[in-house]
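Participant: Predicted model, plus sequence, below.
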Amino acid sequence: MTVAFIKSMVMPGSGVKHQRTYVSWTKQVWENYEKITGQKRPALFETEESRNRQTKVYDDAPPV
């Protein structure tokens with residue numbers, strides 16, 4: 001059991017160093033909303049983080 005634990009931590013793509021950051025489902029949905037519609041979220045649903053965040057611009061041309 002100890003060997004399996006150590007092996008799982010050493011194998012590529014595993015262990016603590018490869019953990020992904022947690023992004024809440026709500027935050028993902030609102031980012032998609034803002035990206036697709038090009039509008040900010042309604043005032044009722046704004047948070048301190050969304051008010052102070054710089055808006056991302058998605059109207060750049062794709063690379064050719």
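Facilitator: Great, that's in hand. Residues are numbered from 1 along each chain as shown.
Participant: Report the buried residues of the host helix or strand of residue 29.
Facilitator: If you go by DSSP states H and E, residue 29 is part of helix 25-37. Within helix 25-37, the residues scored as buried using 16 or more other C-beta atoms under 10 Å are 30, 34. Backbone N, C-alpha and C define where each C-beta goes, glycine included.
Participant: Quick one: list the elements packing against the next helix or strand after that helix.
Facilitator: Next helix or strand after helix 25-37 toward the C-terminus (DSSP H and E): helix 48-52. Packing partners of helix 48-52 (3 or more C-beta pairs under 8 Å, 6 or more residues apart in numbering; DSSP states H and E): none among the helices and strands.
Participant: Residues contacting helix 48-52, please?
Facilitator: 30, 40, 41 (C-beta atoms under 8 Å, 6 or more residues apart in numbering).
Participant: redo that, cut-off 7 Å
Facilitator: When contacts are defined by C-beta atoms under 7 Å, 6 or more residues apart in numbering, helix 48-52 is touched by residues residue 41.
Participant: Roughly how far does residue 33 sit from residue 11?
Facilitator: Shown here: residue 33 relative to residue 11, a distance of 38 Å by C-beta to C-beta, to the nearest Å.
Participant: ok so, going back, may I have the helix holding residue 29 as PDB, with CA atoms only?
Facilitator: Output of helix 25-37 as PDB, limited to C-alpha atoms (Å, rounded to 0.1, in the frame of the first residue of the first chain):
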ATOM      1  CA  TRP A  25     -19.400  26.300 -11.500                       C
ATOM      2  CA  THR A  26     -21.100  29.700 -11.000                       C
ATOM      3  CA  LYS A  27     -18.000  31.600 -12.000                       C
ATOM      4  CA  GLN A  28     -17.500  29.500 -15.100                       C
ATOM      5  CA  VAL A  29     -21.100  30.100 -16.200                       C
ATOM      6  CA  TRP A  30     -20.900  33.900 -15.800                       C
ATOM      7  CA  GLU A  31     -17.600  34.000 -17.600                       C
ATOM      8  CA  ASN A  32     -19.200  32.100 -20.500                       C
ATOM      9  CA  TYR A  33     -22.200  34.400 -20.400                       C
ATOM     10  CA  GLU A  34     -20.000  37.500 -20.600                       C
ATOM     11  CA  LYS A  35     -17.900  35.900 -23.300                       C
ATOM     12  CA  ILE A  36     -20.800  34.900 -25.500                       C
ATOM     13  CA  THR A  37     -23.100  37.900 -25.100                       C
END
